[in-house]
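Visitor: I would like the atomic coordinates for the input below:
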Amino acid sequence: MRGLVGFWFLVTSCVGFAQALQVVPRPQSVTIEGEPIPVAGNLYVVATPALEGEADLIRTWWNTTKTDAKAGAVSAELRIQQGVPAESYALRVSEGKIVVAGGSAAAVFYGIQTLIQAENGSKTLPAMTVRDQPAFAYRGMHLDVCRHFFDVEFVKRYLDLMAEHKMNRFHWHLTEDQGWRIEIKRYPRLTEVGAWRNASQVGPYGDQRFDSTRYGGFYTQDEVREIVAYAAARHITVVPEIELPGHARAALAAYPQLSCTGIEQPVATGWGVFDDVYCAGNDSVFTFLEGVLDEVLALFPGEYIHIGGDECPKTRWHECAKCQARIATEGLADEHALQSYFIRRIEGYLNVRGRQIIGWDEILEGGLAPNATVMSWRGEAGGIAAAKSGHDAIMTPGTPCYWDHYQSKDPGEPHAIGGFNPVELVYLYNPVPAELSADEAKHILGAQANLWTEYVLTPAHAEYMILPRQLALAEVLWTGPRRSEDLPDFRIRATQRSRALKARGFNVAPHFLIPESKSFRRNEAK
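Guide: From the prediction side, this is the model:
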């Protein structure tokens, strides 16, 4: 290990970086030290059992089964390094030897991702030293599978993209007005009824047009376990979202007695926000949600459970005798305080079971639950307020983090919900607002991009909406906030990376990339 300790904290220069190592996200420190070294078919791996998954990644990528040294072979040694940050890694490529050492298995995995991109099909690696670690702990991607459903294989493909770009939190939006997507054995009607709608809104929102096709789907608990395990092997934590108290029409279609009115209604077919939400004055609602969460906790081992908390109209609560009685009994000021009561009650249930909640920034209204993390989507104000009050926050403002928005003004773009978030805007985003002091800024855990799917119907379209924007956000969150003068170099690397992804069948939007290939056709998303 002595060979790595000596250079771990060495400040190195990025000599010839753009020409020699076109990797995304850009490592913190790179020194190119010599001519490229052939590795294809010539590699054997040395690793402890704790790093066997990482060793298999190298074996698979370089198609090698070698287990010991042969004449002219290159050894790849994988090691855990004590006394360094958990996600930091260092790697050295020299004649006959590759060493990757990290503060954890995840860090070693990230170092291998750097090696894979550096090789880029050339069957060689530059002789180099890399020292690297992330700027932010939370590097997230979100996927809405409720407005439109995506199967297990696509979710895995989504996770692969995240892993290759060193992103580590997958926010899985599993329940909504338009569909309930996770099997809950205690409440089978959630998927028998709540997973299916009788039509879907089509075309621009204002047209209010609908098809007549029954639509739906859900993940069995075995499929959920499969996806969680697949993510864990790539050092990604899955954060499930169970929406409450609003965005609950699918659940209420299955169990109408949980609403304020008790009136039977179908799963929502259109987009938007609906007045019918869980009844906050009905104790059976909390019994139901606790039963749901018990099964969710058994499936998802991560620290966080996302409980939604956004866009909850108070109309029904204002008219509901049970809700008004709850306000009076609990001494609450109004319906906003009732929402805070609802969130706090769920948070307490999760906290005693060792979990923490994340909620959209509306959970600030009426008073923030004691241990809640705020996901700031309506601009940055929610994240700023959370950080100033000593709460953690994750930044995901609509601009530039909502990727259901257009990324180009090209008239050939597929229909989107609105907005405009080009790659350049994503790349220049700083998740830490200038208003925060140094101590307050420590509460900004990172940022996340959200892919809402009202107008994203297929895997190809989903890929088109996230690529190459994901490359930009990954670099911000790993390397740190960028400047406009960094854009030309990033564009070179993003173009090469996008071509590599395209060659593997990913559907990449062309607008930001250096023109060269007619293979990037903008209408492929349709």
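Visitor: Residue 274 touches residue 177, doesn't it?
Guide: Yes. Assessed by CB atoms under 8 Å, residue 274 is found in contact with residue 177 at 5.4 Å. All C-beta spots, glycine's among them, are computed from the backbone N, C-alpha and C.
Visitor: okay, these two: which has more neighbours?
Guide: Higher neighbour count among residue 274 and residue 177: residue 177, with 28 against 19, using other CB atoms under 10 Å.
Visitor: can you pull out the strands in the stretch 251-400 of the chain?
Guide: Assigned by DSSP state E, counting those that start in this stretch, the stretch 251-400 of the chain shows strands spanning 304-308, 356-360, 373-376, 393-395.
Visitor: how about TSV for those strands, with distance to residue 500, mean pLDDT and mean neighbour count added?
Guide: Converted to TSV, these look like this (distance: least, CB to CB, whole Å; pLDDT from 0 to 100; neighbours: other CB atoms under 10 Å):
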stretch	distance to residue 500	mean pLDDT	mean neighbour count
strand 304-308	32	98	23
strand 356-360	33	98	23
strand 373-376	32	98	28
strand 393-395	29	99	29
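Visitor: what does the strand or helix carrying residue 447 rub up against?
Guide: Under the criterion of DSSP states H and E, residue 447 resides in strand 444-451. By CB atoms under 8 Å, 6 or more residues apart in numbering, the surrounding residues in contact with strand 444-451 are 136-144, 169, 171, 373, 375, 377, 383, 387, 392-396, 401-404, 426, 429, 431-433, 436, 462, 465-466, 469-470, 473, 476-477.
Visitor: before we move on, back to that, and of the strands of the stretch 251-400 of the chain, who's closest to residue 421?
Guide: Nearest to residue 421, of all the strands of the stretch 251-400 of the chain, is strand 393-395, at 14.0 Å by CB to CB.
Visitor: Name the residues that touch that closest one?
Guide: Contacts of strand 393-395 (CB under 8 Å, 6+ apart): 138, 140, 358, 373-376, 380, 382-384, 386-387, 401, 431, 443-448.
Visitor: do that again at 7 Å, thanks
Guide: With CB atoms under 7 Å, 6 or more residues apart in numbering as the test, strand 393-395 has contacts from 138, 140, 358, 373-376, 380, 383, 386-387, 431, 443-448.
Visitor: Also stretch 504-516?
Guide: For stretch 504-516, contacts defined as CB under 7 Å, 6+ apart pick out 407-408, 410, 422-423, 460, 463-464, 467-468, 491-492, 494-495, 498, 501-502, 520, 522, 524-525.
Visitor: So what's the residue count around residue 377?
Guide: The tally of other residues near residue 377 (other CB under 10 Å) stands at 21.
Visitor: The closest residue to it other than its chain neighbours: how many residues sit nearby?
Guide: Counting by CB to CB, 6 or more residues apart in numbering, residue 377 lies nearest to residue 396, which is 5.2 Å off, once chain neighbours are set aside. Using other CB under 10 Å, residue 396 has 26 neighbouring residues.
Visitor: who touches residue 396 in this structure?
Guide: Applying CB under 7 Å, 6+ apart to residue 396 gives the contacts 375-377, 447-448, 450.
Visitor: I'd like these written out as JSON lines, with distance to residue 200 added.
Guide: Converted to JSON lines, those look like this (distance: CB to CB, whole Å):
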{"residue": "375", "distance to residue 200": "27"}
{"residue": "376", "distance to residue 200": "30"}
{"residue": "377", "distance to residue 200": "24"}
{"residue": "447", "distance to residue 200": "30"}
{"residue": "448", "distance to residue 200": "26"}
{"residue": "450", "distance to residue 200": "20"}
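Visitor: Please parse the chain into its domains.
Guide: For the chain, the structural domains run 2-132, 138-513+520-525, going by automatic domain parsing.
Visitor: can you give me the mean pLDDT across the first one?
Guide: Averaging the model's pLDDT scores along domain 2-132 yields 84.
Visitor: quick one: the strand holding residue 447 to strand 356-360, angle?
Guide: Angle, strand 444-451 to strand 356-360, by axes from the mean of the first three to the mean of the last three CA atoms, to 10 degrees: 60 degrees.
Visitor: Just the C-alpha atoms of strand 444-451, please, in CSV.
Guide: C-alpha atoms of strand 444-451 as CSV (Å, rounded to 0.1, in the frame of the first residue of the first chain):
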residue,chain,number,x,y,z
ILE,A,444,-27.1,21.3,1.7
LEU,A,445,-26.5,17.6,1.1
GLY,A,446,-26.5,17.9,-2.7
ALA,A,447,-29.0,18.0,-5.5
GLN,A,448,-31.2,15.8,-7.7
ALA,A,449,-32.7,15.9,-11.1
ASN,A,450,-36.4,14.9,-11.5
LEU,A,451,-37.9,13.1,-14.5
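Visitor: ok, back up a step: give me the common contacts of residue 274 and residue 177.
Guide: When contacts are counted by CB under 7 Å, 6+ apart, residue 274 and residue 177 are jointly contacted by 249, 268.
Visitor: And the helices in the stretch 301-450 of the chain, which stretches?
Guide: 315-319, 321-330, 335-351, 381-388, 398-401, 423-427, 438-441 (DSSP state H, counting those that start in this stretch).
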